[in-house]
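Peer 1: Next come a sequence and a model predicted from it.
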Amino acid sequence: MDFAAIRSRLAGADGRLYWRSLGELADTPEFRDYLHREFPEQASEWNDPKGRRTFLKLMSASLALAGVGACTKQPPEQIVPYVRQPEDVVPGRPLYFASAIPLSGVARPVLVESHLGRPTKIEGNPEHPASLGATDVLTQAAVLGLYDPDRSQTITYRGEVRPWSAFQAAMQSALGAQKGSQGAGLRILTEPITSPSLAEILATILQDFPKATWHQYDPIACDGTRAGVRQATGSPGDAVYHLDKADVILSLEADFLGCGAGSVRYARDFADRRRVTDETKDKSMNRLYVVESTPTLTGAKAEHRLPVRAADVESFARRLAGTLGVGAVPAASQDATIEKWVAAIAKDLQQHRGRSVVIPGDFQPASLHVVAYAINQALGNVGTTVTYGPSIEARPIDQHASLRELATAMEAGQVQMLLILGNNPVFTAPADLKFAERLRKVNFVVYHGLYQDETSELAHWSVPDTHALETWGDPRSYDGTVTIMQPLIDPLYDGHSAYELLALLTGQPNRKTLEIVKDYWTRAFSGAGGWTLRNAQGESYPNADTFWKRAVHDGFIPSTATTQGGPATPFQPAPKAAPAAAAATPGAAGAAAAPAAAPSAPAPATAAPTAAAPPAPAPASPAPVTLPPQTRQESAGLELIFRPDPNVWDGRFANNGWLQELPKPLSKVTWDGTAWISPKLADEKRLDNGNVIELRYRGMTGRMPVFIVPGHPDQSITVFLGYGRRLAGRVGTATEQAQPFNPYLVRTSDAPWFGSGLEITRTGDRYLIATTQEHHSMENRHPARVTTLDEYVKNPDAIKHMGHTPPRSLTLYPDHEFTGNKWGMSIDLTSCTGCGACMVACVAENNIPVVGKEQVNRNREMHWIRVDHYFTGDIDKPESIQAVHQPMPCQQCENAPCEVVCPVAATTHSSEGLNDMVYNRCVGTRYCSNNCPYKVRRFNFLLYSDWNTESYWPQRNPDVTVRSRGVMEKCTYCVQRINSARIDAKKEDRDIRDGEIATACEAVCPTDAIVFGNLNDRNSRVSKLREQHRTYGVLEELNTRPRTTYLAALRNPNPELEPATTGEHTTGH
Amino acid sequence: MARNDQTAYYKAPPPVIEPGHTFDSITRKISSIVLTKHQPIPWIVTTFIGFIFVNILLVAVSYLFLKGIGIWGNNIPVGWAFDIINFVWWIGIGHAGTLISAILLLLKQDWRTSINRFAEAMTLFAVVCALMFPLIHTGRPWLAAYWLFPYPNSMSIWPQFRSPLIWDVFAVSTYGTVSAIFWFTGLIPDLATFRDRAKHKVTRFIYGALALGWRGSARHWQRYENAYLLLAGMSTPLVLSVHTVVSFDFAIGILPGWHTTIFPPYFVAGAIYAGFAMVLTLAIPLRRLYGFEDFITMRHLENMAKVTLVTGLIVVYGYAMEAFFGWYSANQYEKYMIHNRMFGPYAWSYWTLIFCNGIVPQTLWIKKLRTNTVWLFIISLVVGVGMWLERFVIIVTSLHRDFLPSSWGMYYPTIWDFATLFGTIGLFTTLMFLFVRVLPMISIFEVRTLIPQAKVKGAEGH
């Protein structure tokens, strides 16, 4: 310590000097240093450029770490009521918006129920010709997909999170490299595209990068249909069937009722042509013949179904064509059954010229489609029951060939930049293409999909797609109607639509989806693209704004159906400057009569040099068409048939619990894909349900558990695509044991739907298959009553006599009078196709939980409505096998056996006759279920409702209780909808109108098989249906007095194939 | 102990107590089992094993409350399975105790005296086991615990009196209460004996408190006899009513296989049958273990065997009638039900049941087998199994295939089903052996009335 210095400082101070320490007084460097650092902490770092950076780094790292714990996006919360109420928003009342759910590029029109901004339920769009208010199963379940917690949530680069801007930059630099080579290394792989505005973006890209290639692939590609129509009509196009005009229908392996974009409308038209009531004078209905391999819902609905190998369908068709005088008559078949069938069907078709239709299956080769076309033409059906319009796909190509070409290019190292939009090709590509292996050779792979799946794992960039309910869009429906999609909710995650992603490759990279779609249609309004836009009345719109608002409101543009003169989806680049630049617009084209002029071939400027490009369209062939040579099929060994899974489709819905748990048609298997075999083959190979077999096919081996299905051809095995997912999410990822059960592993791109040469061996392994119905025989009981049209006409009371209805005077007590409303339901078994849409609709509407495979296996599925399925016929005569479906909700018995046995009165009768369930009061004795003869009650054996996964919460219907464990539940006739209608009616001081309440199952039913209403209203639809002679109650002999009654199924068999039997159904007592 | 001289039975009606006993020897013999510090090894081993199963039961029930009914194999259509099977089985077993103590008392069957005490205890413990099930079989037991009772509440909600489950609640709770009071009343004089003989202060205090000040005065005896007779009278209808009401759980249902009028008598007979088998199951080893061959003589065993045989025949008649009705009704559901029982997927249970309840007990016609304790013991176990299977057949095979073939299903129990079943057996065993340890398993004062000295005028009382 330098005291001299201290003294001198003190002496030299003005006034009093306050000192803290001797150190300060001495002004030592240590003290200065100490002072410097003491306060504020780290302050000195701010002056040091290097240190500041370290500080900021540390701080940001710790902030980021603090954020990790809360990395889910906090939803904005409103804590004050709206200052200005948004129009139409009334808390507690849902709003409905028209939109569409595209599948494989084709729109399925919907109305979406939205509760305070949360889409909760999907209904069909009643005004849209492809829906008429109904949806199929896959569309119905789409709302769960929106809230799937396993959706791809952020943009990632090699697994690391990146912002959109980083992705944009990476794309720009990669595109920059492609600029020089005109995009020679750029490949885009998409689903088939029907959206005109998306097609325009692609056309623009191909214009900017002339050497780039656009590949299309859909695992469920109907290449045969596409090529067949092209060969038959001379130009690409789509066949649209008009089953409302068809009296005789022959399906050549076409599952037009069960799957496909038009199935909903087809089912409706088909059912409408089958409705026979006591009142109709002309008691006639259509007749359906099905010649098919794999049993389908369509086959189950057929009057006559002939099981043949998939490869033999064409021989049958040619034999029929020959009999009808089309083409050469092939040699008669050895099989007397086939000959008998051909003769009978030919005669029937001949008798219904112009009122019949032959529908070829989507999974059959092109040649069959040509044969079917020729038959239809010869019968005068073309133009009446079937029309061939221009193609709705922007560029119809052979998709398996396209993917093969991409795989070859990847192998050859010609692909530098690959954009994959959806489809998960690493999982879904046929095994012979070795797609995953070849994908590794590409340096820049972008995958745009809804999930982090097998493909995103191998892609460099993974960009989350938007769900259909989160985005705008304009896909076309099966008949060509442009269907406007509108978002119901902001993207839940960091999703970008395909429109936005592909726009990055154009000159205008930052456009939003709405801008893209709206801009396209504004231009189309002024005539671009060959569109003529008219409203439903056929009038033109006053201005573009009115048009757009109307289109968004209605969810579709009426005049755009190809059947009404809508053009093929144009494939033209966007105009560079002024909209008028679209030179190649082919007038107001699209008259159905001139499909050859369809402008779907790429405009010359954008001609893409792809090997998979369609061959030059042949000149429109004059009638009659010459039949192409039959597609050769070797018939050695067994035949292997591939089919999309009815529920998980190509595998994309694997993570959707509703679809996984929905019993698959005919087999009622849940949660797994199986290999279907016939009882005879099973017997021969000593196989039982769940035995794992090894499939050896074209040098590949696969494994599948078998499931025996009556009516399957003996020499074929059907495997269903979509299972065996390795990376699907918490619901869909297959267990280690089930991962090999993936038919894509034995699928080849040259024969994607069937091929012969299969050998199978039993492995000795067993696999647990969970089914919801184990018994498919009616055991001589008559829960589902079936009779023929002739018998019904002759003796309408016969149906009632199949059972026994006790007299109402059986009880000593006076009958309870239901004054006011008296709810009832009628289910028409003639119409029901067994599609299962009612089950998914019920699940969505009523917050029904998913229980999982293990619980389904214990018979604990929770579906409030189930679709019972029974086989009849001789198991040794596969052509005699018929199936009948019976939806089974709670029957709402007036004398409900469940009510008397509940010790706590948790299930009671309402004044309107509903058998109510009081969840709060239920203690869960399960006595009610034991005493329910219909076994429609469902018990929460465990805590089935998912209370923990937050992302599922917004999906739930706020009007329906989410049940906890230990509580019984069952169908309520959608009491929340009844109450909502009641409130409306009360406010307007009127009665509830007939049709005002549609239960969820009724609303979704494609065939209008379910009708709900007031039985006290003599004019209600349901009252009238109940008076039909076909009406009966299931198990009425128990005196339960069910409020749900059934209309017996009528069949209209051809007497030549099924001689009328008398007294077939006379068992009664 | 000397082996029974079997030849004697052919000559004279066998005594209900072996000769040579005095008042004192009886008291000493019975009370010495309790008032000692030592227990035979078999007692320790059995109680220990029983206690292990009590713990298994605790785990099973705790897990059940935590997770829900789903841990069991119950499903739709088989909503009830082991839970209700066990309930009916246990409640049935209980019946023999009441029958022995009440009905046989009223019928002046003096041989009941040596077995009524532990038969009553058996009743009580069986009811304890049974009573668990109506509660734990519900989905929400925390609510079922009181919602099934008609208690006044602010929402004016009452139970649904049309439901047999409510009748059950009343029937079983009444039965449990009356059985407990009857049993305790019967114990009082013996508790007083223990109080007097106990050496340890605490023991003396406890027995003293339980003896309720019994001094054995003539007035006490007079009132006691009246009360006991009254309670016997009250218990008598319960023997018939409880299982009748339990059978209503099924008979009221509309299910084929349940909906039948024969159920009440058939269930009561089955209950007595199972109960006597259980008394035999307990009596034979206990008699051997504690050397009670003098008190529980071959005559007792034989009588019980005869009751078992008779009630067994009634039960078999029930089976025959079920099959007959199935055919005679001409109702396809009934017909299918009986066919399914006999030849369906659960046929093994039906035929095992017929073997256990229909065939094996027929050996009791033969005196030689009837008086063979080993054979009797085996039969008693077989009957126990058979009666459990009877409820399995009635409940599971009726439910698993009812009206609509589409809803048919199979039932497979889980490990928790078995844990609960064996847990209750463990609970029953433990309670039974604890009872043997702390209370007189044979009524001292009643047995003393059996010896010849008691018949001497003026020797009544003590």
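Peer 2: Right, received. Where do you want to start?

Peer 1: Specify the beta-bridge partners of A:Asp868.
Peer 2: Bridge pairing for A:Asp868 (DSSP bridges) gives the partners A:Gln886.

Peer 1: what sits against it?
Peer 2: With Cβ atoms under 8 Å, 6 or more residues apart in numbering or on different chains as the criterion, the residues that contact A:Asp868 are A:773, A:783-784, A:885-888, B:404, B:406-407. Just so you know, the C-beta spots here come from the backbone N, C-alpha and C atoms, and that holds for glycine as well.

Peer 1: 6 Å - rerun?
Peer 2: A:886, A:888, B:406 (Cβ atoms under 6 Å, 6 or more residues apart in numbering or on different chains).

Peer 1: okay if I get those as TSV plus pLDDT?
Peer 2: As requested, the contacts of A:Asp868 are arranged in TSV below (pLDDT from 0 to 100):
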residue	pLDDT
A:Gln886	93
A:Met888	94
B:Ser406	90
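
Peer 1: Make a markdown table out of these and add neighbour count.
Peer 2: What follows is the contacts of A:Asp868, written out as a markdown table (neighbours: other Cβ atoms under 10 Å in any protein chain shown):
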| residue | neighbour count |
| --- | --- |
| A:Gln886 | 22 |
| A:Met888 | 25 |
| B:Ser406 | 25 |
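
Peer 1: what's the span of stretch B:398-416, first residue to last?
Peer 2: 22 Å (Cα to Cα, to the nearest Å).

Peer 1: And for the closest residue to chain B within the stretch 701-850 of chain A, the neighbour number?
Peer 2: Chain B sits closest to A:His775 of the stretch 701-850 of chain A, with a gap of 4.4 Å, by Cβ to the nearest Cβ. Around A:His775 there are 17 other residues, counting by other Cβ atoms under 10 Å in any protein chain shown.

Peer 1: who are the neighbours in contact with it?
Peer 2: A:His775 neighbours (Cβ under 6 Å, 6+ apart): B:405, B:408.

Peer 1: dump the residue contacts of B:Leu301.
Peer 2: B:Leu301 neighbours (Cβ under 6 Å, 6+ apart): B:Leu376.

Peer 1: Helix or strand next in line after the helix or strand hosting it, which one?
Peer 2: In the assignment (DSSP states H and E), B:Leu301 maps to helix B:298-328. As assigned by DSSP H and E, the chain's next helix or strand after helix B:298-328 is helix B:332-343.

Peer 1: doesn't A:Phe871 fall inside a helix?
Peer 2: No - A:Phe871 sits outside any helix when classified using DSSP: H, G, I helix; E, B strand; the rest coil, being strand.

Peer 1: State the number of residues packed around it.
Peer 2: Neighbours of A:Phe871 (other Cβ under 10 Å): 18.

Peer 1: Next, format the contacts of A:Asp868 as TSV and append distance to A:Ala998.
Peer 2: Putting these into TSV (distance: Cβ to Cβ, whole Å) gives the following:
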residue	distance to A:Ala998
A:Gln886	20
A:Met888	19
B:Ser406	25
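
Peer 1: Just the buried positions in the helix holding B:Leu301, please.
Peer 2: Of the residues in helix B:298-328, B:298-305, B:307-313, B:315-316, B:318-319, B:322, B:325-326 count as buried by neighbour count, 16 or more other Cβ atoms under 10 Å in any protein chain shown.

Peer 1: Quick one: mean pLDDT for that helix?
Peer 2: Averaged across helix B:298-328, pLDDT comes to 90.

Peer 1: how big is the angle separating that helix from helix B:332-343?
Peer 2: Going by axes from the mean of the first three to the mean of the last three Cα atoms, to 10 degrees, helix B:298-328 is angled at 130 degrees with respect to helix B:332-343.

Peer 1: Point out where the stretch 251-400 of chain A drops to low pLDDT.
Peer 2: For the stretch 251-400 of chain A, the stretches flagged by pLDDT under 70 are A:332-333.

Peer 1: Pass me the low-pLDDT residue ranges in the chain, would you?
Peer 2: Just so you know, I chose chain A. A:1-3, A:5-6, A:9-53, A:55-56, A:62-79, A:81, A:332-333, A:577-625, A:631-635, A:1060-1069.

Peer 1: let's do chain B instead
Peer 2: Applying pLDDT under 70 to chain B flags the ranges B:1-15, B:454-462.

Peer 1: before we move on, what SS does the residue in it positioned nearest to chain A have?
Peer 2: The nearest approach of chain B to chain A comes at B:Gly139, 2.0 Å away (Cβ to the nearest Cβ). Secondary structure, three-state DSSP: B:Gly139 is coil.

Peer 1: Hmm, A:Cys922 and it touching each other?
Peer 2: No - here B:Gly139 lies out of contact with A:Cys922, judged by Cβ atoms under 6 Å, at a distance of 7.2 Å.

Peer 1: how would you label A:Leu695: helix, strand or coil?
Peer 2: Relying on three-state DSSP, one would call A:Leu695 strand.

Peer 1: who touches it in this structure?
Peer 2: A:702, A:746, A:760.

Peer 1: Over to B:Asp249?
Peer 2: Contacts of B:Asp249 by Cβ under 6 Å, 6+ apart are B:Pro164.

Peer 1: what's it sitting at in phi/psi?
Peer 2: With angles defined as degrees, to the nearest 10, B:Asp249 sits at phi -50, psi -30.

Peer 1: Which single residue of the stretch 151-300 of chain A ends up nearest chain B?
Peer 2: A:Ala300 (14.8 Å).

Peer 1: so is that residue in a helix, a strand, or just coil?
Peer 2: Strictly by three-state DSSP, A:Ala300 counts as helix.

Peer 1: pretty sure it contacts A:Ala883?
Peer 2: Yes - here A:Ala300 reaches A:Ala883: they are 3.7 Å apart, a contact under Cβ under 6 Å.

Peer 1: Now do A:Gly637: how many residues are near it, please.
Peer 2: 15.

Peer 1: go on, A:Tyr493?
Peer 2: 17.

Peer 1: List the backbone torsions phi and psi for the spatially closest residue to it that is not a sequence neighbour.
Peer 2: Take A:Tyr493 and drop its neighbours on the chain: the residue closest to it by Cβ to Cβ, 6 or more residues apart in numbering or on different chains is A:Gln153, 3.9 Å away. Dihedral pair for A:Gln153: phi -110, psi -30, per degrees, to the nearest 10.

Peer 1: Count residues in the vicinity of A:Gln153, would you?
Peer 2: 20.

Peer 1: secondary structure element for residue 59?
Peer 2: Picking chain A for this. Using DSSP H and E, A:Met59 sits in helix A:49-68.

Peer 1: ah, I was thinking of chain B
Peer 2: helix B:41-67.

Peer 1: who's in contact with residue 254?
Peer 2: If you meant another chain, say so; for now it's chain A. With Cβ under 6 Å, 6+ apart, A:Ala254 has these contacts: A:359, A:361.

Peer 1: hm, I was asking about chain B
Peer 2: Counting by Cβ under 6 Å, 6+ apart, B:Ile254 touches A:897, A:1038.

Peer 1: is it true that it lies in a helix?
Peer 2: No - if the criterion is three-state DSSP, then B:Ile254 is coil and not within a helix.

Peer 1: got the end-to-end distance for stretch A:760-777?
Peer 2: Distance across stretch A:760-777, first residue to last, is 29 Å (Cα to Cα).

Peer 1: Can you name the residues that contact A:Glu191?
Peer 2: Per Cβ under 6 Å, 6+ apart, neighbours of A:Glu191: A:104-105, A:218, A:422-423.

Peer 1: tally of neighbours for the closest residue to chain B within the stretch 301-450 of chain A?
Peer 2: Across the stretch 301-450 of chain A, the shortest distance to chain B (Cβ to the nearest Cβ) belongs to A:Lys301, at 18.2 Å. Residues near A:Lys301, counting by other Cβ under 10 Å, number 29.

Peer 1: Would you mind measuring from it to A:His242?
Peer 2: A:Lys301 is 18 Å from A:His242, where distance means Cβ to Cβ, to the nearest Å.

Peer 1: tell me the secondary structure for the closest residue to chain B within chain A?
Peer 2: With Cβ to the nearest Cβ as the measure, A:Gly924 is the residue of chain A nearest to chain B, at 2.0 Å. Assigned by three-state DSSP, the conformation of A:Gly924 is coil.
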